[in-house]
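# just coords:
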């Protein structure tokens, strides 16, 4: 179990580094676009498209790290009043439902990568192919499924051991 948590932590940190780097590039691109537009009257051609594609990397990779660090918002008003064993059972059921949902999302994204590759879909201005960026979304959701699986197994082991 420890090795799975180490692997998911490593994957989450790598994706965080990539996402943060892309976010920095996106920030400087936007700044350059604004400065060039208002100072010289000549914006960066395709900056909007590049920003959209960069967001396809930043958001899924950030979600993976947030899930690994358990940074998502949760409301436990009534949940905390339940006995620990019932809390564990509900957590297991909820985690299992979430894993199934995100496995379906990841699977559909993998199919969509193939579909966008076959269609030859590109951006309108720069003609950048879309499938690599759809692939990063699929990669992010597959990594999220790995993190959620590790969380589920941890919760399940804690619940069974109680």
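Looks like it came in fine. Please read all numbers here as calculations on a predicted model, not as lab measurements.
# which stretches of this structure form helices?
2-35, 47-68, 84-119, 131-161 (DSSP state H).
# name the residue most distant from the centre of this protein?
residue 40 (36.9 Å; CA atoms, centre = their mean).
# how close does residue 76 sit to residue 146?
Residue 76 sits 25 Å away from residue 146, going by CB to CB, to the nearest Å. For glycine as for every other residue, the C-beta is placed from the backbone atoms N, C-alpha and C.
# and for residue 30?
Plainly put, residue 30 is 32 Å away from residue 146 if you go by CB to CB.
# the more surrounded of these two?
More crowded of residue 30 and residue 146, by other CB atoms under 10 Å: residue 146, with 20 against 16.
# pretty sure that one sits against residue 11.
Yes: judged on CB atoms under 8 Å, residue 146 makes contact with residue 11 at a distance of 6.6 Å.
# now residue 15, nearest residue through space, not along the chain?
The shortest distance from residue 15 to any non-neighbouring residue, by CB to CB, 6 or more residues apart in numbering, is to residue 61 (4.0 Å).
# tell me the contacts of the one you found?
Residues in contact with residue 61 (CB atoms under 8 Å, 6 or more residues apart in numbering) are 15, 16, 18, 19, 22, 136, 140, 143.
# and the furthest pair within these?
Maximum pairwise distance among these (CB to CB): 15.3 Å, between 22 and 143.
# work out which residue lies at the spatial centre of this protein.
Judging by CA atoms, centre = their mean, the chain has its centre closest to residue 60, at 2.1 Å.
# which residues touch the residue lying closest to residue 4 once chain neighbours are set aside?
Spatial nearest neighbour of residue 4, chain neighbours left out: residue 150 (4.8 Å); criterion: CB to CB, 6+ apart. If you count contacts by CB under 8 Å, 6+ apart, residue 150 has them with 1, 4, 5, 8.
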